[in-house]
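1. How does the following fold in three dimensions:
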Amino acid sequence: MRSAASRLHKGFSFAKRFQGCSDWICCDGAAWAGRWDAWAPGGTVRGKAFSHVVLDLGCGKGEYTVACAKLRPDVLFVGFDVDAVCTLRAAEAASAVGVDNAVFLMDGVPSFGDEVEAGIAGGGAVSCGDSGNPSESKARELADRPCSTATGARGDSPDASLTPVKCPEQAHASRASVRQGARSGAPAEIDLSTVFAVGELSALLMNFPTPFPKKKKAHLRLTYLDRLMGYRPLLGRGAGIRLRTDSQPLRDFSLTQLELAGYEITWRSDDVRAEFPDEPWSAYERKLTEQGACAFGIAACPGPAPEHVEQTAPLSLVSYLPDNLDRLEYVPHGMQGCVENLRNRNARERARGKQEFRPPVI
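-> Have a look, this model is predicted:
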């Protein structure tokens, strides 16, 4: 899949575009750890604290994030995407509608060449937090919210929420972080344990994340076991994660990972749009829906932490495909070539009078 940067027109200037929306971009998330509820555009401190802080992980161009922000002005939506161009466009979307409760993370200023650094230094503001303390206390009203809602559940954060998590190896940054630099100029990963304090998040949303079907890239999936363990300390009491995907194999794989990581399933659906027809759309969801996809959904909250964490589930998403591929009306995004090859192979085996091939469980 091509990155957003590879589809840019010749006259695209990241620096100029950055300057126009930099108030909605935070390049130093660690400076806000423990006090995101006081964030305001431009990195200033708001007078009244947000009641919830929600992370939209893999936010793409931000259509869903910004739409949710418009619906819930009392909630701060923090978006992150590995592609800096997507992050830029998400910030532009927030700037265009003027929401003051959406911010998008960049792990430092991306390197798109000298004109970017020169352009930003020449007047583009970068939201990097502020050294003072928020003027408002961190007291929030308790709200009992089911994990299946768009903003997830919210519980009162413990006093330790002012202290960043101390286990970066278990957070969002994976073993492939250094090897897999983002081709668009953004870092491949961001260490969430340095960006958010213990118990700071009310919910973590994953909307149509990249499935990475191959076994060797399983660790890049947002619902991989190691990542789920890293999310646990960031979630406040009663908070949870919510996944929406067009991929039934990714959904089923995610269920195995949630069980291994000690999460409790609070909701699941085979057609999220049918259950929540008024939920905001993203451009990506519309595109997949036009191709015949429906959204599978899972919501889960951390249960008791497992005593022993071990990966025991099959890692290739091929292992989660149905037995009869000919009855598969919609092929999950990213698996079209694999499914076509398996169908062709089965057709050849049937023509020879042999048993259909089933890939090994790996």
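2. same for the longest helix along the chain, what does it pack against?
-> Determined from DSSP state H, the single longest helix within the chain is helix 336-351. For helix 336-351, not one helix or strand is in contact under the criterion 3 or more CB pairs under 8 Å, 6 or more residues apart in numbering; DSSP states H and E. The C-beta positions use only the backbone N, C-alpha and C, and glycine is treated the same way.
3. Could you export that helix as CSV, CA atoms only?
-> Extracted C-alpha coordinates of helix 336-351, given in CSV (Å, rounded to 0.1, in the frame of the first residue of the first chain):
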residue,chain,number,x,y,z
GLN,A,336,-7.3,-10.1,-1.9
GLY,A,337,-4.2,-11.6,-3.5
CYS,A,338,-3.9,-14.3,-0.9
VAL,A,339,-7.5,-15.3,-1.2
GLU,A,340,-7.4,-15.3,-5.0
ASN,A,341,-4.4,-17.6,-5.0
LEU,A,342,-6.0,-20.0,-2.5
ARG,A,343,-9.2,-20.1,-4.6
ASN,A,344,-7.3,-20.8,-7.8
ARG,A,345,-5.3,-23.5,-6.1
ASN,A,346,-8.4,-25.2,-4.7
ALA,A,347,-10.0,-25.0,-8.2
ARG,A,348,-7.0,-26.8,-9.7
GLU,A,349,-7.1,-29.5,-6.9
ARG,A,350,-10.8,-30.1,-7.5
ALA,A,351,-10.2,-30.4,-11.3
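4. What ranges does the protein have for its strands?
-> 25-26, 39-40, 44-45, 52-57, 75-80, 102-105, 201-207, 235-245, 263-269, 296-302 (DSSP state E).
5. Just put those strands in a markdown table and tack on mean neighbour count, mean pLDDT and distance to residue 65.
-> Below are these laid out as a markdown table (neighbours: other CB atoms under 10 Å; pLDDT from 0 to 100; distance: least, CB to CB, whole Å):
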| stretch | mean neighbour count | mean pLDDT | distance to residue 65 |
| --- | --- | --- | --- |
| strand 25-26 | 28 | 96 | 13 |
| strand 39-40 | 22 | 98 | 14 |
| strand 44-45 | 14 | 96 | 20 |
| strand 52-57 | 26 | 98 | 5 |
| strand 75-80 | 27 | 98 | 4 |
| strand 102-105 | 27 | 98 | 6 |
| strand 201-207 | 25 | 98 | 8 |
| strand 235-245 | 24 | 97 | 13 |
| strand 263-269 | 17 | 98 | 21 |
| strand 296-302 | 23 | 98 | 17 |
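6. Switch those over to CSV; also include distance to residue 193.
-> Shown next, in CSV, are those (distance: least, CB to CB, whole Å):
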stretch, distance to residue 193
strand 25-26, 16
strand 39-40, 18
strand 44-45, 23
strand 52-57, 13
strand 75-80, 13
strand 102-105, 14
strand 201-207, 12
strand 235-245, 12
strand 263-269, 18
strand 296-302, 15
